[in-house]
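Q: Predicted coordinates and the sequence they were generated for:
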Amino acid sequence: MTFGKQSFIPLLFNMIIDLIVLKYKKRPNEKFMQQKIYFYEYAYRYGRLSIYFLREPIFSIITKPLLEKILKTFRFSERIINFLIRILTYFTKCYYIL
């Protein structure tokens, strides 16, 4: 709220903290099942990093135009492009409310 809706500062700060945690979190040598749990945790955290592309300043400035160019390059119809963009916009607005 302090930086405004279109500010990159809080978004970049959160992303940097997530990357630092992923980079420097040490995994002890444990049993196989515990190693498997650590693997699933890292996979989940890396998946969560992709959600940053759907957050508002990045989505409207980078993700949306890039996705439109890629879909037009593959010659998808305008209806399909608009449908996918609307779904992602809806997800972007509703995901962070919940």
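A: Looks like it arrived, so ask away.

Q: can you give me the mean pLDDT across stretch 63-77?
A: Across stretch 63-77, pLDDT averages out at 94.

Q: tell me which residues in it are buried?
A: Thr63, Lys64, Leu67, Leu71 (16 or more other Cβ atoms under 10 Å). Placement of C-beta: from N, CA and C, glycine included.

Q: Can you give the contact residues for it?
A: Applying Cβ atoms under 8 Å, 6 or more residues apart in numbering, the contact partners of stretch 63-77 are Phe53, Leu54, Ile80, Ile81, Leu84, Ile85, Leu88, Thr89.

Q: what about the third one, how many neighbours?
A: Okay, so that is Ile80. 10 (other Cβ atoms under 10 Å).

Q: On the pLDDT front, check it for me.
A: 94.

Q: Show the contacting residues for it.
A: Applying Cβ under 8 Å, 6+ apart, the residues near Ile80 are Leu71.

Q: and if you look at the one 5 residues further on?
A: Contacts of Ile85 were listed using Cβ under 8 Å, 6+ apart, and they are Lys64, Leu67, Glu68.
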